[in-house]
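Asks: next one to model:
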Amino acid sequence: MSFKRRDGFEGEKLISLPPGILRDVVQKNPALFQLYITHIGYFPKALFHYRERRKGCEDNILIYCIQGKGHYVIGDKKFEVSANQFILLPATDHYIRYWADHEDPWTIYWVHYTGPAIDSFNQSLQITPQKGPVNLIFNDKTLDTWHRLYQSLEMGYSLENLANATMCLQYFMAMFLYPDKHLISENTAKPDIVTETITHMRLHLDKKLSVEDMAKKHQLSCSHFSMLFRKGTGMAPVDYFIHLKMQKACQLIYTNEGKIKEIAMSLGYDDPFYFSRVFKKNMGQSPEQYRLTAKKVG
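Replies: Numbering: from 1, shown residues only. The predicted structure follows:
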């Protein structure tokens with residue numbers, strides 16, 4: 001039996017920006033938003049991933065495959081996408097279809113973006129529907145920039161966050177269009193304590209990490225570690241960890257029909273009532289209300 005899924009993959013990340021907010025911010029700040037992100041996501045081992053766009057898409061679509069394989073059709077041409085390749089589909093009214101390989105499904109990072117300058121942007125860079133997949137040497141900076149884009153947007157849709165994401169988008173695109181200008185020796189990059197800590201947090205959302213745990217990992221005092229982390233993120237370590245838990249909770253509530261109690265347990269909360277209080281404090285509504293609202297929007 002064959003299945004087709006737009007999203008809902010275990011471990012996925014997905015943000016779709018509200019069109020109304022985008023229209024308002026672009027109208028008020030046209031100079032800042034000649035190009036801007038509309039959707040951004042990460043789909044790991046996305047078995048049965050499938051999208052069909054019969055009338056094309058008004059956004060540019062960038063899909064970066066880091067594992068597995070996928071396929072796409074644009075107009076009357078079909079292509080295969082492998083690991084360490086990307087595709088950049090321009091805004092078009094041509095038929096588009098793309099999907100994960102059934103035997104070796106792709107893991108992809110992707111971004112949709114558009115704006116008043118999208119047509120001239122594509123013309124200047126000769127981004128055409130006929131161009132096939134492009135090889136890309138793996139570069140940690142590429143994924144790090146994607147995470148910075150995502151992080152900026154998941155912090156909310158303030159003008160500051162949206163403008164930062166838009167400016168980062170230009171840099172992100174440059175790493176695909178001009179990859180040789182962004183390769184650096186692995187030995188020149190010093191470890192980033194903040195980034196390492198955030199990565200550690202994301203891998204242990206089911207745990208109860210304390211400031212002492214995080215500081216000890218870097219052989220720093222709690223006060224010095226907290227100062228460095230706050231300087232890098234604008235938030236205290238524990239608050240940031242809670243924020244990541246709540247973001248994950250939102251994804252699980254949206255994609256998972258499981259009980260709120262089970263979601264709470266998977267994020268290290270033994271008491272579902274305490275989890276609900278923390279969720280409401282951060283998201284402005286209870287988990288149950290969020291599930292109803294998210295399903296209506298989706």
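
Asks: please count neighbours and contacts with C-alpha atoms only from this point.
Replies: OK.

Asks: tell me the mean pLDDT for stretch 172-189?
Replies: Average pLDDT, stretch 172-189: 76.

Asks: my bad, stretch 125-142
Replies: Stretch 125-142 comes out at a mean pLDDT of 89.

Asks: in it, which residues are buried?
Replies: Across stretch 125-142, burial judged by 16 or more other C-alpha atoms under 10 Å covers 127, 129, 132-133, 135-136, 142.

Asks: got those as TSV, with secondary structure columns?
Replies: Below are these laid out as TSV (DSSP: H, G, I helix; E, B strand; the rest coil):
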residue	secondary structure
I127	coil
P129	coil
G132	coil
P133	coil
N135	strand
L136	coil
T142	helix
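
Asks: which of those residues lies closest to E12?
Replies: The nearest member of these to E12, counting by C-alpha to C-alpha, is T142 at 18.0 Å.

Asks: let me see the contact set for that closest one.
Replies: Listed by C-alpha atoms under 8 Å, 6 or more residues apart in numbering, the contact set of T142 reads 172, 175.

Asks: ok, now with 10 Å
Replies: Counting by C-alpha atoms under 10 Å, 6 or more residues apart in numbering, T142 touches 64, 148, 171-176, 179, 182-183.

Asks: which of those residues sits closest to T293?
Replies: Proximity of those to T293 (C-alpha to C-alpha) peaks at R148, which lies at 26.8 Å.

Asks: identify the residue nearest A100 in space, chain neighbours excluded?
Replies: G70 (4.2 Å; C-alpha to C-alpha, 6 or more residues apart in numbering).

Asks: how far away is that neighbour from L244?
Replies: Remark: distance between G70 and L244 (C-alpha to C-alpha, to the nearest Å) = 30 Å.

Asks: among the two, which residue is more densely surrounded?
Replies: G70 (26 against 19; other C-alpha atoms under 10 Å).

Asks: my guess is that one contacts H49, does it?
Replies: Yes: counting by C-alpha atoms under 10 Å, H49 is a contact partner of G70 at 9.1 Å.
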